[in-house]
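# structure of the sequence below:
(4 chains)
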2 protein chains.
Amino acid sequence: MRIGELAERAGTTTRTLRYYESLGLLPPADRSGNGYRSYDEEHLRLLEQIRTLQDFGFGLEETRPFVECLRAGHPAGDTCAASLEVYRRKLAELDACVARLQEVRAQVAAQLARAQVEALGADGGADPMCEPSVSERDSP
Amino acid sequence: MRIGELAERAGTTTRTLRYYESLGLLPPADRSGNGYRSYDEEHLRLLEQIRTLQDFGFGLEETRPFVECLRAGHPAGDTCAASLEVYRRKLAELDACVARLQEVRAQVAAQLARAQVEALGADGGADPMCEPSVSERDSP
DNA sequence: GTAGACCTTGACGTACGCGTCAACGCCAGG
DNA sequence: CCTGGCGTTGACGCGTACGTCAAGGTCTAC
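Predicted coordinates for the structure are as follows:
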């Protein structure tokens, strides 16, 4: 099949396929007599592997071991040692990233709370502890 | 003070200060007779505000309301309505991002687990439950 | 007067993953 | 024969937040 068909079947663009080839991520496609790239089903599998990982947030370079694993003849791209290592590294990265974001979230939330109070204090209400909060005497 | 001193005190570089000015994020600095930029303590406060937000992962444009709030004479950059809105938007973004990352993390973990099993099955061990694990009989 | 440290503007480089032309070749249908 | 649709390479653009270099002006100290 030619590049346009492969691109469509893989849900990507011809530009992307040529880009991957230029990176050496995809093997150089065979050329038919007129110079057109010629692809087979295996290329489609490689692309599906790449797209799956991309959706996970993997960079293109991180997908390389998976692609090479498939090209080496393995039925799955992620059963080779190098691929497993990338998975593990990525898990660690994800954990670190989540932790950082949660910490930031807490700090931003705290800043927001403080700023809201300050905004009220500066804007309108002079002393905000006149009326005792009713909720204390509500239940007994 | 001149640009080098401000940069050092703010923990940044002269390039960054000129860049912010070119964006209109910082107000154009006054020039002394020789054409050098001249800054005061207020500029330092603006920069501190920007850096704090940058550390939270805010983009430069997102810091603009805070800077303008300070420039408007408010004692804090985050007590203006626009700044509070940015805080709230950022909180929502952070929550969405954390959720997405956690979902991805779960999927990657699942892929890793599956791939490890497949790798074992293809590589060596035929039936991996011959020797009962010794740790079970260790303590009693 | 001259070296060195500071300042000025301008412009290109970086990383990522392509999008979007430009200018051209090839091939099938009418 | 010509149009339209496919393909080819090459090269610039984008967004973000600057780094880095170039070529020059300015000020201080010796």
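
# give the buried residues for the helix or strand encompassing A:Glu21.
In this assignment (DSSP states H and E), A:Glu21 forms part of helix A:14-23. Buried positions in helix A:14-23, judged by neighbour count with 16 or more other C-beta atoms under 10 Å in any protein chain shown: A:16-17, A:20-21. For every residue, glycine as well, the C-beta is placed using N, CA and C.

# tabulate the CA atom coordinates of that helix in PDB.
The C-alpha atoms that make up helix A:14-23 are tabulated as PDB, following Å, rounded to 0.1, in the frame of the first residue of the first chain:
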ATOM      1  CA  THR A  14       1.700  11.300   5.400                       C
ATOM      2  CA  ARG A  15       3.800  14.000   6.900                       C
ATOM      3  CA  THR A  16       4.100  12.100  10.100                       C
ATOM      4  CA  LEU A  17       5.100   8.900   8.400                       C
ATOM      5  CA  ARG A  18       7.900  10.600   6.500                       C
ATOM      6  CA  TYR A  19       8.900  12.300   9.700                       C
ATOM      7  CA  TYR A  20       9.200   9.000  11.500                       C
ATOM      8  CA  GLU A  21      11.200   7.500   8.700                       C
ATOM      9  CA  SER A  22      13.500  10.500   8.700                       C
ATOM     10  CA  LEU A  23      14.100   9.900  12.400                       C
END
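
# which elements pack onto the helix or strand just after that helix?
Where DSSP H and E defines the elements, the next helix or strand beyond helix A:14-23 is strand A:30-31. On a contact count with 3 or more C-beta pairs under 8 Å, 6 or more residues apart in numbering or on different chains; DSSP states H and E, strand A:30-31 meets strand A:37-38.

# the strand it packs on pairs with which strands, parallel or anti?
strand A:30-31 (antiparallel) (DSSP bridges).

# contacts for the strand it pairs with, please.
A:37-38 (C-beta atoms under 8 Å, 6 or more residues apart in numbering or on different chains).

# and stretch A:83-99, by the same measure?
A:56, A:58, A:62, A:65-66, A:69, A:77-78, B:98, B:101-102, B:104-105, B:108-109, B:111-112, B:115-116, B:119.

# select only the buried ones of those in PyMOL?
Buried residues within these, by 16+ other C-beta under 10 Å, are selected in PyMOL with:
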select buried, (chain A and resi 56+58+62+65+66+69+77+78) or (chain B and resi 98+101+104+105+108+111+112+115+119)
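
# point me to the helix or strand that includes A:Arg89.
Applying DSSP H and E as the criterion places A:Arg89 in helix A:81-123.
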